[in-house]
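1. need coordinates for the below:
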Amino acid sequence: PKPSDKPRINGAKIYGQRPGKPFLYKIAATGKEPLSYDAVNLPAGLKIDKKKGIITGSVKDKGEYTVSVTVKNKLGSAKENIKFAIGDLLALTPPMGWNSWNCWGLAVDQEKVIASAKVYIEKGLAKHGWTFINIDDGWEIVGKSTAPKRDPQGNILVNEKFPDMKALGDSIHSMGLKFGIYSSPGPLTCGGYTASYQYELKDAMSYASWGIDYLKYDWCSYDQIAKDTSLAERMKPYFVMRDALKQIDRDIVYSLCQYGMSNVWEWGEKVDGNLWRTTGDITDTWESMSGIGFSQIENAKYAKPGRWNDPDMLVVGWVGWGPSLHPTKLTPDEQYTHISLWSLLSAPLLIGCDLTRLDDFTLNLLTNDEVIGIDQDPLGSQAVPVIKKGNIQVWKKKLADGNFAVGIFNLGNETETFTFDFTEAALNGKSMLRDLWRQKDLGSFNGKYECKIPSHGVILLKVN
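-> Below is the predicted model of the structure:
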């Protein structure tokens, strides 16, 4: 269903920032414009723009602050408590954003990035909690170029496609959004551009000066540097950048991209990673998406607030990995499976499509607040499979309110009828079921629920 004209506050109800660092938080809310925003009990050092719903400033003292947020329009008002956790941890819920790679690849430029940010506002994605605008590879100087890669002080230089990184960051921040960037611990990025090896602190300082909020740090050419494939060598470059990020006056979410080598989920927290890739690159096929998504089992116990398993970016909408784009090859049912499964997995949600070509179906797919709410649940639990019968898999996720989210997936090539037995999933005999995609109560069921699931499709339920 389309959002109501009455105000509703969406997105995560907890947000983490470190003491003394620049604070930026946009209240995610739907409702007929114009909306007005207010926040009571803001910690000292913060202020709210009541027209835009953007909270800025800096909080000196550690602590958990419960802020009462109100959003109003002519039709009514909505009120929610949001917890601001000022402490050591960022990304208390999985990051939600856009990344340039799956559409633009190395053809990304400043205009495409700012156009994506504007779509967040114009199409309302920011009203549903979408926050980050991330540049992937292709903003640096090409490694084989004869042009200087750094200035005489060692500061990294950008290529002609990004004439002013600070202005770009300021523009993104003025919308209440956050700004992400990409590098590698090796001498070159995956695309052969200049990376951070031996310049980690210089690069972290550049990122801070541009207003960067998120760093994707991609293994790539570090294979040339690593002495061997030991765990110590795999961890080493991520410690180096961690130490650099600790020295700057800015919070930067730290995304480790090394494809699950050496079971990164077992040690990602030790290098202070907020999220870590668990897999190779995704493509927009059923084989790739389902192969990745349904294999995220062993790592489940390592997911928690501030520490997320990352099964790679979303492949809905127009994608292409370069200047030539095409509509995703996933069927509509496969796309519902994709978003449902990633939400159950507490996965970072990073849109990978050309946002300027966002059709109504894709927009609807990305703005269902009850589905997003499963991903952004503050408990931070990752779903695990509890039933596997033939082509049917049932995945279950515990929620902060004590209830559960359940995805019933059909991996087969035909529509199937399935009787979901609650006891087989260790659920109470009598439960209320809600269909999250349709935002509709299905009623009370005693022990069993019979359903039809289309090929490669899903039924996503909240079980009370």
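
2. quick one: contacts of the longest helix seen in the chain?
-> Longest helix in the chain, counting residues (DSSP state H): helix 231-246. Under the criterion CB atoms under 8 Å, 6 or more residues apart in numbering, residues 185-186, 196-197, 200-201, 203-204, 215, 217, 219, 222, 225-227, 252, 254, 256, 258, 261-262, 264, 267, 270-273 lie in contact with helix 231-246. C-betas here are computed from N, CA, C, even on glycine.

3. rerun that using 7 Å as the cut-off
-> Helix 231-246 is contacted from outside by 185, 196, 200-201, 204, 217, 222, 226-227, 252, 254, 256, 261-262, 267, 271-273, using CB atoms under 7 Å, 6 or more residues apart in numbering.

4. in PyMOL, select just the buried ones from those.
-> Burial among those is assessed by 16 or more other CB atoms under 10 Å; the matching PyMOL selection reads:
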select buried, resi 185+196+200+201+204+217+222+226+252+254+256+267+271+272+273
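
5. what about the contacts of helix 231-246, which are in helices?
-> 200-201, 204.

6. give me the neighbour count for V40.
-> 12 (other CB atoms under 10 Å).

7. any stretches of the stretch 1-150 of the chain with poor pLDDT?
-> Scanning the stretch 1-150 of the chain for pLDDT under 70 picks out nothing.

8. and the longest helix of the chain, which residues are buried?
-> Buried residues in helix 231-246, counted by 16+ other CB under 10 Å: 234-238, 240-242, 244-245.

9. of these, which is the nearest to Q376?
-> Proximity of the buried residues of helix 231-246 to Q376 (CB to CB) peaks at L245, which lies at 24.2 Å.

10. look up how far Q198 lies from the closest one.
-> Remark: distance between L245 and Q198 (CB to CB, to the nearest Å) = 16 Å.

11. how about V59?
-> V59 sits 35 Å away from Q198, going by CB to CB.

12. cool, K161 as well?
-> In this structure, K161 and Q198 are 25 Å apart, going by CB to CB.

13. before we move on, the earlier item: out of the buried residues of helix 231-246, who's nearest E287?
-> Closest to E287, out of all of those and judged by CB to CB, is R234, at 27.8 Å.

14. which residues touch A28?
-> The contact partners of A28, taken as CB under 7 Å, 6+ apart, are 9-11, 126-129.

15. ah, wrong one, I meant G20
-> Counting by CB under 7 Å, 6+ apart, G20 has contacts 58, 60.

16. recalculate using a threshold of 10 Å.
-> 45, 58-62, 86, 249, 251 (CB atoms under 10 Å, 6 or more residues apart in numbering).

17. go ahead and build a PyMOL selection from the buried members of those residues.
-> PyMOL command restricting those to the buried ones, with burial defined by 16+ other CB under 10 Å:
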select buried, resi 58+59+86+251
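
18. I figured G407 hits A425, correct?
-> No: if you go by CB atoms under 10 Å, G407 and A425 don't touch, sitting 11.1 Å apart.

19. which neighbours do those two share?
-> Common neighbours of G407 and A425 (CB under 10 Å, 6+ apart) are 385, 394-396.

20. who wins for neighbours among those residues?
-> W395 (27 neighbours).

21. A helix includes A208, no?
-> Yes: counting by DSSP: H, G, I helix; E, B strand; the rest coil, A208 is located in a helix.

22. related to what we said a few turns ago, restrict the longest helix of the chain to CA atoms and write it as CSV.
-> Below are the C-alpha coordinates for helix 231-246, written out as CSV (Å, rounded to 0.1, in the frame of the first residue of the first chain):
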residue,chain,number,x,y,z
LEU,A,231,44.9,-14.8,9.3
ALA,A,232,47.5,-12.2,10.6
GLU,A,233,48.2,-11.1,7.1
ARG,A,234,44.5,-10.9,6.2
MET,A,235,43.8,-8.7,9.2
LYS,A,236,46.9,-6.5,9.0
PRO,A,237,45.8,-3.8,6.5
TYR,A,238,42.4,-3.4,8.2
PHE,A,239,44.1,-2.7,11.5
VAL,A,240,46.2,0.0,9.8
MET,A,241,43.2,1.8,8.4
ARG,A,242,41.3,1.3,11.7
ASP,A,243,44.1,3.2,13.5
ALA,A,244,44.0,5.9,10.9
LEU,A,245,40.3,6.4,11.2
LYS,A,246,40.7,6.7,15.0
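
23. report the angle between that helix and helix 200-210.
-> 40 degrees (axes from the mean of the first three to the mean of the last three CA atoms, to 10 degrees).

24. of the ones in helices among the contacts of helix 231-246, which is the nearest to N81?
-> Nearest to N81 among these, with distances taken as CB to CB, is A204, at 34.5 Å.

25. the closest one contacts D251, correct?
-> No: under the criterion of CB under 10 Å, A204 makes no contact with D251, lying 11.9 Å away.

26. quick check: the residue nearest to V271 when sequence neighbours are not counted vs Q393, distance?
-> What sits nearest to V271 in space, not counting adjacent residues and going by CB to CB, 6 or more residues apart in numbering, is Y238, at 3.9 Å. For Y238, the distance to Q393 equals 33 Å [CB to CB].

27. thanks a lot, see you next time.
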